[in-house]
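Enquirer: just a sequence and a predicted model for now, questions to come.
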Amino acid sequence: MLEATDVIMAAIRSAFDSYPKEGDPEWRSPNWIMPEECAHLTRVIMRELDAGGFQIVKKPADAQPPRS
């Protein structure tokens, strides 16, 4: 079962694939983020959401998507 942190970390990794770091000769790959950096960003996002009064809640499996 996926947790909110797993989804956030996947989104962060995806963002780095979509927006590579350019102009840094020390950067190993423009499409990669260190796992520790990704985990740190995820913890900060979760902490800030909590501090702002937000809560991530998983939808029930039988929940219908909203109608357009």
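Expert: Sure, I can see it. What you are looking at is a predicted structure, and each value in this text was computed from that prediction instead of being measured.

Enquirer: longest helix anywhere in this structure?
Expert: Of all the elements of type helix in the chain, the one with the most residues (DSSP state H) is helix 35-51.

Enquirer: neighbouring contacts of that helix?
Expert: 4-5, 8-9, 12-13, 55-56 (CB atoms under 8 Å, 6 or more residues apart in numbering). Using the backbone N, CA and C atoms, a C-beta is placed for each residue, glycine as well.

Enquirer: can you give me every residue that contacts Val57?
Expert: Not one residue lies near Val57 by CB under 8 Å, 6+ apart.

Enquirer: just the pLDDT at it, thanks.
Expert: Looking at Val57, its pLDDT reads 85.

Enquirer: can you tell me the helix or strand for it?
Expert: Under the assignment given by DSSP states H and E, Val57 is not contained in any helix or strand.

Enquirer: gap between it and Ala63?
Expert: Look at Val57 and Ala63: by CB to CB, to the nearest Å, they are 11 Å apart.

Enquirer: check Val44 too.
Expert: The gap separating Val44 from Ala63 is 29 Å, by CB to CB.

Enquirer: same question, Arg13
Expert: Noted for Arg13: a distance of 26 Å to Ala63, by CB to CB.

Enquirer: the two: who's more crowded?
Expert: Arg13 (16 against 8; other CB atoms under 10 Å).

Enquirer: which residues are in contact with that one?
Expert: The contact partners of Arg13, by CB under 8 Å, 6+ apart, come to 33, 38.

Enquirer: and the average pLDDT for the helix or strand hosting it is what?
Expert: Using DSSP H and E, the element containing Arg13 is helix 4-18. Across helix 4-18, the average pLDDT comes to 78.
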